[in-house]
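Colleague: Starting from these lines, generate the structure:
(chains A, B, C and D)
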There are 4 protein chains.
Amino acid sequence: MKNTFGNAVSITLFGESHGPCVGCVIDGLAPGIPVNDAYIAELLTRRRPAGAISTARQEADQFIIESGVFHGKTTGTPICIRIPNEDTRSGDYNRLARPGHADYTAHCKYRGYEDYRGGGHFSGRITAALVAAAGIVIPALEKKGITIQTNIHRLAGIPGEGSACVSAEMEEKILSAKANGDSVGGVLETVVTGMPVGVGEPWFDSVESVLSHALFSIPAVKGVEFGDGFALTEMLGSEANDALVATENGIITETNHNGGINGGITNGMPLLFRCAIKPTPTIGKAQKTVNLESGSNDVLQAKGRHDPCIVHRAAVVVEAMTAITLCDLLTTHLGTDWLGEA
Amino acid sequence: MKNTFGNAVSITLFGESHGPCVGCVIDGLAPGIPVNDAYIAELLTRRRPAGAISTARQEADQFIIESGVFHGKTTGTPICIRIPNEDTRSGDYNRLARPGHADYTAHCKYRGYEDYRGGGHFSGRITAALVAAAGIVIPALEKKGITIQTNIHRLAGIPGEGSACVSAEMEEKILSAKANGDSVGGVLETVVTGMPVGVGEPWFDSVESVLSHALFSIPAVKGVEFGDGFALTEMLGSEANDALVATENGIITETNHNGGINGGITNGMPLLFRCAIKPTPTIGKAQKTVNLESGSNDVLQAKGRHDPCIVHRAAVVVEAMTAITLCDLLTTHLGTDWLGEA
Amino acid sequence: MKNTFGNAVSITLFGESHGPCVGCVIDGLAPGIPVNDAYIAELLTRRRPAGAISTARQEADQFIIESGVFHGKTTGTPICIRIPNEDTRSGDYNRLARPGHADYTAHCKYRGYEDYRGGGHFSGRITAALVAAAGIVIPALEKKGITIQTNIHRLAGIPGEGSACVSAEMEEKILSAKANGDSVGGVLETVVTGMPVGVGEPWFDSVESVLSHALFSIPAVKGVEFGDGFALTEMLGSEANDALVATENGIITETNHNGGINGGITNGMPLLFRCAIKPTPTIGKAQKTVNLESGSNDVLQAKGRHDPCIVHRAAVVVEAMTAITLCDLLTTHLGTDWLGEA
Amino acid sequence: MKNTFGNAVSITLFGESHGPCVGCVIDGLAPGIPVNDAYIAELLTRRRPAGAISTARQEADQFIIESGVFHGKTTGTPICIRIPNEDTRSGDYNRLARPGHADYTAHCKYRGYEDYRGGGHFSGRITAALVAAAGIVIPALEKKGITIQTNIHRLAGIPGEGSACVSAEMEEKILSAKANGDSVGGVLETVVTGMPVGVGEPWFDSVESVLSHALFSIPAVKGVEFGDGFALTEMLGSEANDALVATENGIITETNHNGGINGGITNGMPLLFRCAIKPTPTIGKAQKTVNLESGSNDVLQAKGRHDPCIVHRAAVVVEAMTAITLCDLLTTHLGTDWLGEA
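Modeller: Numbers count the residues shown, from 1 in each chain, chains lettered A, B, ... in the order given. Just a heads-up that it's a prediction; the model follows:
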């Protein structure tokens, strides 16, 4: 449903890059979940641009919880979170469609009525609302023993170090691209521990289906793979299968090539998946494009502030989408109260 | 919603591998679409096992259209298609969980009540119903100028030849795996031409989100990438962006690294994506596993008939899921009658 | 979604009056629910025409469970139930639109492609599939202490006797209408006991919203009221409010003018609602109408076999829709396993 | 889905009576629909309390459009409308459950975490957001020739005069109830003209199903009937059926006992339905009830400001829900752009 996602727990997004605010409504969360403003702010800080490797656009990301929280806890009714926009400079953008962006496709889809400033409703800025909502969900999942961690797997071709940090070598690559008016991409790897066995539904609500649906909603994600993913295709069945073993602590698998999911349903092992993040499309280099007003060919040399790399900033967005999606699957399975119970 | 997928056009799956039948209900198709039984049969034949590289299980795949078709055309009301099961030998399976399959996860999820014979509701056999439904949708899309073609991109590590055919070299690899009681996987590549610009919705109903949701429902799919996908992550922004060019025939992109989708919305170029198909999990080789009745460790040496490779058989399933999903997005955008209009 | 209803538990309908069968797929039912074929048959018998006050059309209503049941219990995966059509005489109907039926509106909606025989997909015969599905749900609800009972509240203006039976006085009215080639309607009253407090969701998934959605899907239902319903509008607030009282057995209300629902959520008192069933539209009397082929005015004198009254037959359909709907609300609230647990 | 309703066009509600604001997100509206702030304000005025027959609570209902509107027109992306709360006096309410309200049921459902002040999320105040959203939809429908008009059919037992106005006789009844610390209810009648034939879907998305779902979401609605509704049940089939007649201007029905709907689908005649509005539950008179903190019996003598009658204020809410619901059905049928096209 367009800007609403989820069944038992759903999130609805709204807002534009250069409008008054971005925001979301998250509905179906169990009553009684503590809401920690400081933690939400911390998550938003992880998403915020910082340093020479990010855009110079500054956003305080002051979020306002408009509903659904009472005496510091979720009430069970919809939570609207609003994040006012502040540092918007519409003059930075003209009607030249930015290649790799939604400018041209939105223009066609909405027949010229779209808010084109800064990508409008297609701006990555909307993900701040997702992150804020996840700031309520993630601690509740952690209380239930479920943790989500996203690392940089590769950035501009350089292997990560098992953390969310940009290494010195990566930073060099980013700055070199930036100096050339260019940008780089990378791969994020996410591990979820503590998921109970038996979550997910057959066929269309398989964990892979629902998670990929959510992850591909994040701008710049162009690939998603679970477990060994594409590498599985070059393995033999005897290598790809994860042997099941009964242990004192229950049944586990010896390996985890399938990323904690069999037949679309969790098997109790860590969920493991990777997202391909393409290089930021907005770059300083001259690019052939089309003027959306005149329809004629032109050359774009973007002067707006833009990120030479968003891979590291996207990590928390991937965690946020993962948390919200798993929360929906768990609530479907275990009922509306489970997540808020002690 | 578990076994139902789609909004304007939806498909509901039912059936088990060793029950009376598998089937589906497809709802929301425009009235007036011609239904060609011979074409449906032809599609089912493409999915059916054949030759030494497939399972010896034989299914006639006689399909019965139970509703929604009158005088050879869709009526606009739900179409139920039923495919009776015939060559089922339940004795081939015992309660040893097959590693890589849903046996263990379904057992946990359904608390022991699942129909475990041959994978039950998680069997790839259910995809026959998807293919039959697509046998109605695909010709209707073609009439509108939209074609879907899936090729073998790689199989057991061997590059494909731009077709859906298993090359001699691939066949050799499959037979060698088979001889060892093993199996192989591969990558399928799909190209969709003729999609109008502006299809797909922002954020959660992006074309990538909705298609990946559908594709990951297909058993054995463990990765999906659009355009250059994971390879985009090692390119510069200036390489990954597709320049927009105004031509006599409208606006196009010079390259298609983004697979015909920007901001989640079609840009009028061919849709292009790849699915990773893991090696068939059922293999003859001895595997460590757990007996689901006793809960104790055991060794499985599968004696059932199984496919040493399903990559080539999966191609038509990918096309089917793609057709049904695009039909839903197009119907959402253009209304309930469009697809059936002359 | 057209022919699919429900979230956690959903039902999908298919079939036509004169096609091969009618049927449904019910998905999301908990695993482990016993399936009692004899009980399903009994429910279908309650719906079946019988005696002089019903149509002479005879249907054995042999139902076939095609999936989702194993060893006599639900598996947790979709249950497809199919009921073959037998006694169909298409010759009884021509292209004169029957006033009060969907003939004309379906003809417009589906642009002439509809299966018009016997009302096609709009026939009340489809409700047999609903009733069969409820034959699985109702005993499971009863095990949880929830019972559903529908009585004839009024029939042809004659007050009911607190039962589902057609009184002698009512029968006389029906036969008199029949003798004149006419038909009668009535009001059904449903009481549900044992519903836990706190079921239903605010606003759009209020118990009233969801139940009325389901009930108005039943052909011939033209009004639904909860508690004292329309009569409440002539009461004072002090009369309409149900006083809350703390008792040894928990909090109850002294009266039940609100039908067990406050703010859209169950309050633990019996649910109580009434459905208005209009007189059967198919009658023998001459009626002005339009020929759908020629578009010209004509007179219809229906010769088909038809019911002079369906009120008593509709009672079990109302119970079926109620059971399926409450099952969905309860499963949403309490999780996917609750209904199947001992 | 709890607080989200609709498929092609959906609305999501949020907010509490005594929180910072109430609001909604309406998604799926066609791009290019003019947004007239003055008209929205005018609709909100119709809902606002006024005069001696309403509560003394004053709300300026300043609405803020946070997204989805650009250069005075809808963009096609989600429109968030926020209405800050102003005149909230939490001291007026204590933890005595108000009979007839959601206080007790919400307390059970949300396990004590609900925002109980002024009814919280269950307050009728949330309907202001619905009305504001309809302020965008209604003029767009009118441009397409579709008008919606709700009249007072009866109020406190007194027949209406075919208008939305409270007659002198009705006002007297309201003031007399008020003087006694009591309240009255009534029946609203809605007529929709200009609906094309063929709108609505079979079975679960019948016009009656979808409209009743929406209407029963409005607090205080306890009954809904279409056409002659409950009165149909005392008519003969020959009286209840609407004869079809081919005229120069197309096919019409001679009468409209079925309220413009046959088989759940519009027939081109005016839609006609009535809603039963129960007397306002909050009254000054002493009522037996329970203290939600202590769980013990108590007596409530409400001192808060409350409406002795909301029937006249509810009329615009019924129109709003009707407009949004029909907009959804029309968009499903005719596609995402139709409503915004010239």
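Colleague: pLDDT value on residue A:53, please?
Modeller: pLDDT for residue A:53: 85.
Colleague: How many residues are close by the nearest residue to it once chain neighbours are set aside?
Modeller: With C-beta to C-beta, 6 or more residues apart in numbering or on different chains as the measure, residue A:174 is the residue that lies nearest to residue A:53, at 4.6 Å, once sequence neighbours are left out. All C-beta atoms are positioned from the backbone trio N, CA, C, and that covers glycine. Other residues within reach of residue A:174 by the criterion other C-beta atoms under 10 Å in any protein chain shown amount to 25.
Colleague: Make sure I have this right: residue A:174 is in a strand.
Modeller: No: looking at residue A:174 with DSSP: H, G, I helix; E, B strand; the rest coil, it is helix, so not inside a strand.
Colleague: Show me the shaky parts of chain A.
Modeller: Residue ranges of chain A with pLDDT under 70: A:1, A:59, A:87-93, A:304.
Colleague: Identify the residue of it closest to chain C, quick one.
Modeller: Ranking the residues of chain A by distance to chain C (C-beta to the nearest C-beta) places residue A:335 first, at 3.6 Å.
Colleague: got the residues of the stretch 201-342 of chain A near chain D?
Modeller: Residues of the stretch 201-342 of chain A lying close to chain D (C-beta under 8 Å from any C-beta of the partner chain) are A:337, A:340.
Colleague: Please enumerate the strands of the stretch 201-342 of chain A.
Modeller: Counting by DSSP state E, counting those that start in this stretch, the stretch 201-342 of chain A forms strands over residues A:221-226, A:244-247, A:250-253, A:261-262, A:265-266, A:271-277, A:287-290, A:297-300, given from the N-terminal end onward.
Colleague: rewinding a little: phi first, then psi, for the residue of chain A closest to chain C.
Modeller: As for residue A:335, its main-chain torsions (degrees, to the nearest 10) stand at phi 100, psi 170.
Colleague: Pull the contacting residues for it.
Modeller: C:332, C:333, C:334, C:335, C:338 (C-beta atoms under 8 Å, 6 or more residues apart in numbering or on different chains).
Colleague: got a winner among these for most neighbours?
Modeller: Per-residue neighbour counts (other C-beta under 10 Å) across those peak at residue C:332, which has 28 neighbours.
Colleague: Give me the neighbour count for the closest residue to that one other than its chain neighbours.
Modeller: Of all residues not flanking residue C:332 in the chain, residue C:8 sits nearest, at 4.3 Å (C-beta to C-beta, 6+ apart). Around residue C:8 sit 26 other residues, with neighbours defined as other C-beta under 10 Å.
Colleague: What is the nearest of the contacts of residue A:335 to chain A?
Modeller: When those are compared against chain A (criterion: C-beta to the nearest C-beta), the nearest one is residue C:335, at 3.6 Å.
Colleague: Helices of the stretch 101-250 of chain A, residue ranges please.
Modeller: Assignment of helices within the stretch 101-250 of chain A using DSSP state H, counting those that start in this stretch yields the ranges A:103-109, A:127-143, A:168-179, A:207-215, A:237-240.
Colleague: Need the winner for burial among these.
Modeller: Greatest average neighbour count among the helices of the stretch 101-250 of chain A goes to helix A:207-215 (a mean of 27), per mean count of other C-beta atoms under 10 Å in any protein chain shown.
Colleague: For residue A:188, which residues are in contact?
Modeller: Residue A:188 makes contacts with A:150, A:151, A:152, A:153, A:274, A:275, A:277, A:311, A:314, A:315, A:318, as judged by C-beta under 8 Å, 6+ apart.
Colleague: how much space between it and residue D:317?
Modeller: Counting by C-beta to C-beta, to the nearest Å, the gap from residue A:188 to residue D:317 is 46 Å.
Colleague: Could you give the bridge partners of the residue lying closest to residue A:35 once chain neighbours are set aside?
Modeller: Of all residues not flanking residue A:35 in the chain, residue A:69 sits nearest, at 4.9 Å (C-beta to C-beta, 6+ apart). The partner list for residue A:69 in beta bridges (DSSP bridges) reads residue A:74.
Colleague: who's in contact with the residue nearest to residue A:262 when sequence neighbours are not counted?
Modeller: Nearest residue to residue A:262, sequence neighbours excluded (C-beta to C-beta, 6+ apart): residue B:105, at 4.7 Å. Neighbouring residues of residue B:105 by C-beta under 8 Å, 6+ apart: A:197, A:198, A:200, A:261, A:262, A:263, A:265, A:266, A:267.
Colleague: pretty sure the last one contacts residue A:260?
Modeller: Yes: between residue A:267 and residue A:260 a contact is recorded at 5.9 Å, counting by C-beta atoms under 8 Å.
Colleague: which residues does residue A:266 bridge with?
Modeller: Here residue A:266 sits in beta bridges with residue A:261, as judged by DSSP bridges.
Colleague: Might you enumerate the residues of the stretch 151-300 of chain A proximal to chain C?
Modeller: Contact residues (C-beta under 8 Å from any C-beta) of the stretch 151-300 of chain A with chain C: residue A:202.
Colleague: Near the residue lying closest to residue A:314 once chain neighbours are set aside, how many other residues are there?
Modeller: Of all residues beyond its chain neighbours, the one nearest residue A:314 is residue A:277 (5.4 Å), with distances taken as C-beta to C-beta, 6+ apart. A count of nearby residues for residue A:277, using other C-beta under 10 Å, gives 31.
Colleague: ok, residue A:277 - contacts?
Modeller: A:185, A:186, A:187, A:188, A:220, A:221, A:222, A:310, A:311, A:314, B:233.
Colleague: burial count for the closest residue to the fourth one other than its chain neighbours?
Modeller: Spelled out, it's residue A:188. Excluding the flanking residues, the one nearest residue A:188 by C-beta to C-beta, 6+ apart is residue A:275, at 4.8 Å. Other residues within reach of residue A:275, judged by other C-beta under 10 Å, total 31.
Colleague: Brilliant, that's me finished.
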